[in-house]
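Q: Let's see this in three dimensions:
(one chain, ligands or ions: 1)
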Amino acid sequence: MTAVRIDGKALAEKVRAQVADDVRAFGEPVCLATILVGDDPASHVYVGSKHKASHEARIESRDHRFPADTSESEILDLIAELNADDAVDGILVQLPLPEHMDEPKVLRAVDPEKDVDGFHVINAGLLYLGEPHLVPATPSGVMVMLAEHGIELKGKEAVVIGRSEIVGKPMAMLLLAEHATVTICHSRTVDLAAHTRRADILVAAVGRAGLVTPDMVKPGAVVIDVAMNRNADGKLVGDVDPAVFDVAGLMTPVPGGVGPMTIAMLLRNTLTAAQQRRSQVAVRGS
Ligand code: NAP
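A: Just a heads-up that it's a prediction; the model follows:
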């Protein structure tokens, strides 16, 4: 058997085109502000891609970049300013922040209504309560992929490897909300393969190339590889051994799988933030 490849690039283009249409239909300017501190080259590339994608989706963007030695209070002041600015719909703080900054404190300073990454404690809590508002982009992108391929989740065994706040935990919550039976595995899990072999839907979000091998996968399973690792040749690879394509029924490649969906869902979140906040402003103002 060779798994059907999930084409994340094509699906992301479709989502981005839909967002562009929806922004036009919304009829008001939508604006995303990004904050980047430091000189991590990958972060500069990611932020650049986010601005380019915003532009293509007719979303305005503001690009705030600071040197690595910028003080935390300077960043908190900027966040307060952007929170108060009615023209700004979404605020994204590019991670990682430099070591001297308290990352959770900075993320919690963002107005939850403008928290397009969905990392604020309020948005995490709403997701936990089954009332999702702004949900982290990567796991929401995975859900769109599963829906696009008509994957029934109700009653299915879903195994998520990884329990980060950014991917693993929200991923598990989204699968649970669709009535999957969810297992979360992590670095202390004993006998990872015993769990993964039961999975109808297996999501790998660890950051360790080749972690998931063919013997760990149930034949015909849906395998979603979230990871982005660089191998010894500098090539982008996932957590899942490509030989798993011979066992799985449906699988994401790396690159060209989950990665492109993340930016598409960030744009969707920015529009959602604009729509929700403006409707609240309208209600408050009436
Ligand atoms: P993270 O915060 O480092 O979390 C990694 C998780 O993997 C942790 O929960 C860790 O367990 C678990 N883990 C580590 N070794 C393990 C092992 N041997 N067996 C089972 N679990 C193990 O990483 P993250 O931010 O969630 O990112 C995960 C991967 O996704 C990375 O490759 C990252 O680059 C990628 N990513 C991709 C996108 C995208 O757009 N495609 C977006 C975000 C992240 P403990 O909790 O016990 O330490």
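
Q: Now do the strands for the stretch 51-200 of the chain: every range, in order, please.
A: Ranges of strands within the stretch 51-200 of the chain are 60-66, 90-93, 157-161, 181-185, based on DSSP state E, counting those that start in this stretch.

Q: May I see those arranged in CSV, with distance to the ligand, mean neighbour count and mean pLDDT as well?
A: Placement of C-beta: from N, CA and C, glycine included. Formatted as CSV, the strands of the stretch 51-200 of the chain follow (distance: least, Cβ to the nearest ligand atom, whole Å; neighbours: other Cβ atoms under 10 Å; pLDDT from 0 to 100):
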stretch, distance to the ligand, mean neighbour count, mean pLDDT
strand 60-66, 19, 16, 98
strand 90-93, 13, 26, 98
strand 157-161, 5, 26, 99
strand 181-185, 5, 20, 98
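
Q: will you turn those into CSV that also has distance to Arg24?
A: Shown next, in CSV, are those (distance: least, Cβ to Cβ, whole Å):
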stretch, distance to Arg24
strand 60-66, 13
strand 90-93, 18
strand 157-161, 36
strand 181-185, 37
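
Q: Out of the ones you listed, the one nearest Leu126 is which?
A: Leu126 lies closest to strand 90-93 among these, at 16.7 Å (Cβ to Cβ).

Q: Using CSV, write out the CA atom coordinates for that closest one.
A: Listed in CSV are the C-alpha atoms of strand 90-93, where the atom choice follows Å, rounded to 0.1, in the frame of the first residue of the first chain:
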residue,chain,number,x,y,z
GLY,A,90,-4.1,40.8,15.2
ILE,A,91,-0.9,40.8,17.2
LEU,A,92,1.7,38.1,16.7
VAL,A,93,4.8,37.8,18.9
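
Q: for it, packing partners?
A: strand 31-37, helix 72-84, helix 258-285 (3 or more Cβ pairs under 8 Å, 6 or more residues apart in numbering; DSSP states H and E).

Q: quick one, which of those is packed in tightest?
A: Sort the helices and strands packed on strand 90-93 by mean neighbour count, taking mean count of other Cβ atoms under 10 Å, and strand 31-37 sits at the top with a mean of 23.

Q: strand partners of that strand, parallel vs antiparallel please.
A: strand 60-66 (parallel), strand 90-93 (parallel) (DSSP bridges).

Q: Restrict it to CA atoms and write it as CSV.
A: Taking Å, rounded to 0.1, in the frame of the first residue of the first chain, the C-alpha atoms of strand 31-37 are listed here in CSV:
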residue,chain,number,x,y,z
CYS,A,31,-4.4,44.6,10.0
LEU,A,32,-1.9,42.2,11.5
ALA,A,33,1.0,43.5,13.6
THR,A,34,4.1,41.3,14.2
ILE,A,35,6.8,41.7,16.8
LEU,A,36,10.2,40.1,16.3
VAL,A,37,13.0,40.5,18.8
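
Q: Start from the N-terminal end of the chain and give the helices.
A: 8-26, 41-56, 72-84, 103-109, 121-128, 137-148, 168-177, 192-196, 258-285 (DSSP state H).

Q: now the helix or strand of the chain with the lowest mean pLDDT and helix 41-56, what's the angle there?
A: Scoring the helices and strands of the chain by mean pLDDT, DSSP states H and E places helix 258-285 at the bottom, with a mean of 90. Computed with axes from the mean of the first three to the mean of the last three Cα atoms, to 10 degrees, the direction of helix 258-285 lies at 60 degrees from that of helix 41-56.

Q: So which bits of the stretch 1-150 of the chain are right by the ligand?
A: Thr138 (Cβ under 6 Å from any ligand atom).

Q: Find the closest residue to the ligand in the stretch 1-150 of the chain.
A: Nearest residue of the stretch 1-150 of the chain to the ligand: Thr138, at 4.1 Å (Cβ to the nearest ligand atom).

Q: Before I go, just wanted to say thanks for your time.
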